[in-house]
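Peer 1: any chance you can model this:
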Amino acid sequence: MAVRWGEDIIVIDAGLMFPESELLGVDIVVPDISYLLENRDKVRAIVLTHGHEDHIGGLPWILAELSVPVYGTEFTLAYVEDKLEEHGLLENAKLHTIVAGERYRIGPFTIHPIQVTHSLVDCVALAIHTPLGVLVHTGDFKVDPTPTDNRLFDLHTFAEYGKQGVLALFQDSTNVERSGYTPSERSVRRKFDEVFSRAERRIFVTCFSSSIHRIKLALELASEYGRKVALVGRSMTNSTEIAQDLGYIDMPDGLLIHPGELKNYPAQQVCVLISGTQGEAMSALARTAVDNHKHARIEPDDTVVLSSRIIPGNEKAIYRMIDHMFRRGAHVIYEDGSSPPVHVSGHASQEELKLVINLVKPRYFIPIHGEYRQLRRHAELAASMHGAVGKVIQIESGDILEFDELGARKAGRVTVGRVCIDSGSRTDVVEDLIIRDRRHLSEDGIVLPIIAINKLSGRVEAIPEIVMRGFAGAPAPHEEDGFMDQAKSIVMKTLEESSNEEKADYGVIKEKIRQDLKRYINKNTARRPLIMPVILEI
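Peer 2: I've put the predicted structure just below:
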C-alpha cells in the first residue's frame with residue numbers, strides 16, 4: 001500500500017504471492033511496481049508491519065529497482081537481512097529498526113508502530129500521522145489475551161487514538177468469515193502436551209518456520225519430556241537461529257542435536273522439528289514422507305504433527321504427503337476440526353475485528369488483506385456497526401483513495417498487476433505470453449516442421465521432416481503415415497508456391513508454413529498444437 005502526500009510517498013509492506021496452479025512453472029508472484037518506478041524520486045521509505053513472506057517477500061525485487069530505506073521491527077529486519085543477503089542486496093540496503101511505542105518521522109509523515117499479536121513475533125500495526133489526520137493500518141493481527149511471549153496486544157493505544165479521532169482504519173480481513181474469537185496461541189499447548197505424553201517413538205513436528213511461538217512450545221515440551229531435538233530443513237534452522245539470537249527462544253544446553261545424530265538415539269528420545277507444512281515438492285517433510293531424506297525417516301508408530309493451516313490450493317499435495325506417512329505406519333495429527341486444536345490462526349475473527357473498530361471509531365473504514373468476498377463481508381460487518389464507523393469504502397488493488405478537507409472518494413486507478421518469477425532469481429521474469437504458450441503446449445502439444453534450405457540457391461534440399469510431441473489429436477501410428485505424408489506434402493506445396501524472395505525471408509516463409517499446417521491439422525484433428533517451423537540453412 002502506498003500512502004502519498006504531495007511529493008512524498010511511503011510504502012507499507014512489500015509481499016509476494018505463491019502461484020495458482022494455472023501459472024505453469026512459475027515459482028513466485030511479486031507485485032508490479034510501475035507506479036512506484038514512475039514516482040521513484042518521491043518514494044521515501046518502505047515500512048514493514050511484520051516478517052511473513054506475503055509482507056516482506058517482494059523486497060528483493062523492489063530494492064533492486066528502488067534504493068529506499070526499509071523500516072521494520074528487530075525480528076522482521078532479521079528475516080529481511082537473510083533474504084537480501086541471499087539476493088546479494090544486503091550491502092547497499094538501508095535498514096532502520098523501529099520499536100513499538102516510539103515515533104519516527106519520514107518526510108511529512110510520523111509513523112507510530114503499535115504492538116499487536118499475530119502468529120509471528122514482533123508484529124506491529126501502524127498509526128500514520130498525516131497533515132489531514134491519522135491513518136491506522138492494522139497489519140496482520142489477532143487479539144491474543146495470553147501471547148506466549150507475554151507481549152500483549154496494545155488495546156490501550158488503539159483506544160487512545162479512538163478518543164483523539166482517526167481519519168481512516170485499514171483492517172485485516174483474512175478471517176472475517178469466522179464468527180467469535182480466534183483462540184489464543186496457548187490453546188495449542190494441550191494438544192501438544194497430549195502428543196508428547198503419549199508418543200512411544202519419535203515425534204516429528206512441522207509448522208510454518210516463522211511460527212516462533214510453536215517452535216518454542218515444541219522445544220519446551222521436548223526438554224520437559226527428555227527428548228533431544230533435531231532441526232531439519234533450511235527455513236526451520238534459519239528461523240530458530242534468528243529467534244534464539246534475539247532472545248525469543250531460550251535453548252537449554254544439550255537439547256539440540258545435528259540431524260546426522262538422529263540414528264544414535266533411541267526413538268523415544270528424539271523430536272524432529274521439520275519444515276514443509278504445505279507438502280512442497282522438495283521440502284524436508286515431503287522428502288522424508290517418501291524415504292528420500294538423508295537424515296530423517298518415518299517409521300511405524302512414529303508420530304507426525306502438522307501444526308499449520310492447509311492453505312487453499314495446497315490440499316492435494318498435503319493429503320498426498322499425509323497418505324505417504326500413513327503408509328509407513330505413522331500416527332499423523334493434522335488440522336481436522338478436532339479439539340483441542342493442533343493449530344490456531346494468527347488472524348482476528350469477527351468479534352476481535354469489531355473490538356478494534358469500536359476502539360478506533362474511524363471516520364472511514366477500508367477493509368484490506370483478503371479475497372474479494374472477504375473484503376465485501378468485512379465491509380458489511382463494519383457498516384452494521386452504527387455509531388462506531390463513519391463511512392465504509394471498499395477498494396481493490398490499483399484503486400486510488402483520495403482524502404481532502406471535504407472527505408474521501410475513489411479517484412481513478414494506477415497500474416497494478418503481477419510479475420511472475422521463475423526459479424526464484426531476480427531476473428527470470430515470465431511474461432503472460434510464455435504462460436499462455438506453456439498452457440497451449442500442455443493441452444495440445446507441439447509440431448515442429450523442419451525444412452532444410454540451401455543458402456545460396458534458395459532450393460529446398462530434402463523432404464521436410466515433421467516432429468510431433470504431446471499432440472494427442474494425431475492419428476494412431478498405423479494411420480500416421482498418411483497423416484504425416486500429407487502434412488509433409490502441405491509444407492512442400494507451400495514452399496513450391498512461394499517465390500524465391502519469400503523463401504529468402506525466413507520470417508515470411510515460417511508464417512506461411514505455420515498457417516497452412518495449422519489449417520490442415522485443425523481440419524483433420526480439431527486440435528491446435530503450437531506449430532514452430534524450424535529452418536536449417538545448408
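
Peer 1: list the strands paired with the worst-scoring helix or strand of the chain on mean pLDDT, with their directions.
Peer 2: Between all helices and strands in the chain, the lowest mean by mean pLDDT, DSSP states H and E belongs to strand 429-430, at a mean of 74. Counting by DSSP bridges, the strands paired with strand 429-430 are strand 418-421 (antiparallel).

Peer 1: ok, residues contacting the strand it pairs with?
Peer 2: Defining contact as Cβ atoms under 8 Å, 6 or more residues apart in numbering, one finds that strand 418-421 is touched by 17, 19, 23, 26-32, 61, 428-432, 435. All C-beta atoms are positioned from the backbone trio N, CA, C, and that covers glycine.

Peer 1: for the least confident helix or strand of the chain, which outside residues touch it?
Peer 2: 25-26, 419-422.

Peer 1: got it, and stretch 324-332?
Peer 2: Here stretch 324-332 makes contact (Cβ under 8 Å, 6+ apart) with 199, 204, 289-291, 298-304, 306, 322.

Peer 1: can you flag the buried ones in the contacts of strand 418-421?
Peer 2: With burial judged by 16 or more other Cβ atoms under 10 Å, the buried subset of those is 17, 19, 23, 26-32, 61, 430, 435.

Peer 1: which of the contacts of strand 418-421 fall within strands?
Peer 2: Among the contacts of strand 418-421, the subset assigned to strands under DSSP state E consists of 28-31, 429-430.

Peer 1: how about whichever strand or helix holds A317: buried residues?
Peer 2: Using DSSP states H and E, A317 falls within helix 315-327. Using 16+ other Cβ under 10 Å as the test for burial, helix 315-327 gives 317-318, 321-322, 324-325.

Peer 1: buried ones among the contacts of strand 429-430?
Peer 2: 26, 419-421.

Peer 1: out of the residues you listed, who's nearest A125?
Peer 2: If you rank the buried ones among the contacts of strand 429-430 by distance to A125 using Cβ to Cβ, V419 comes first, at 28.0 Å.

Peer 1: that closest one pairs with what?
Peer 2: Bridge pairing for V419 - DSSP bridges - gives V30.

Peer 1: gap between it and G58?
Peer 2: Here the distance between V419 and G58 works out to 9 Å (Cβ to Cβ, to the nearest Å).

Peer 1: again, but for T277
Peer 2: According to Cβ to Cβ, T277 stands 22 Å off from G58.

Peer 1: helix, strand or coil: sort out the residue in the chain sticking out farthest from the centre for me.
Peer 2: The C-alpha centroid of the chain is most remote from S457, which lies 56.1 Å away (Cα atoms, centre = their mean). Of the three states, S457 takes coil according to DSSP: H, G, I helix; E, B strand; the rest coil.

Peer 1: same deal with the one 5 residues further on?
Peer 2: Following three-state DSSP, we place A462 in the coil state.

Peer 1: so it sits against A452, correct?
Peer 2: Yes: counting by Cβ atoms under 8 Å, A452 is a contact partner of A462 at 5.3 Å.

Peer 1: these two - which one has more neighbours?
Peer 2: More crowded of A462 and A452, by other Cβ atoms under 10 Å: A452, with 16 against 11.

Peer 1: send the alpha carbons of the helix or strand harbouring that one over as PDB?
Peer 2: Assigning secondary structure by DSSP H and E places A452 in strand 446-453. Taking Å, rounded to 0.1, in the frame of the first residue of the first chain, the C-alpha atoms of strand 446-453 are listed here in PDB:
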ATOM      1  CA  ILE A 446       3.900 -29.100 -30.300                       C
ATOM      2  CA  VAL A 447       4.500 -29.700 -34.000                       C
ATOM      3  CA  LEU A 448       8.000 -28.900 -35.500                       C
ATOM      4  CA  PRO A 449       8.300 -28.900 -39.300                       C
ATOM      5  CA  ILE A 450      12.000 -28.900 -40.100                       C
ATOM      6  CA  ILE A 451      13.000 -27.600 -43.500                       C
ATOM      7  CA  ALA A 452      16.500 -27.600 -45.000                       C
ATOM      8  CA  ILE A 453      17.000 -24.700 -47.400                       C
END
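
Peer 1: what packs against it?
Peer 2: strand 465-469, helix 477-496, helix 506-525, strand 530-531, strand 534-537 (3 or more Cβ pairs under 8 Å, 6 or more residues apart in numbering; DSSP states H and E).

Peer 1: most tightly packed of the ones you listed?
Peer 2: Mean neighbours per residue, mean count of other Cβ atoms under 10 Å, is largest over the helices and strands packed on strand 446-453 for strand 530-531, with a mean of 19.

Peer 1: name the strands paired with that one and say parallel or antiparallel.
Peer 2: strand 446-453 (parallel).
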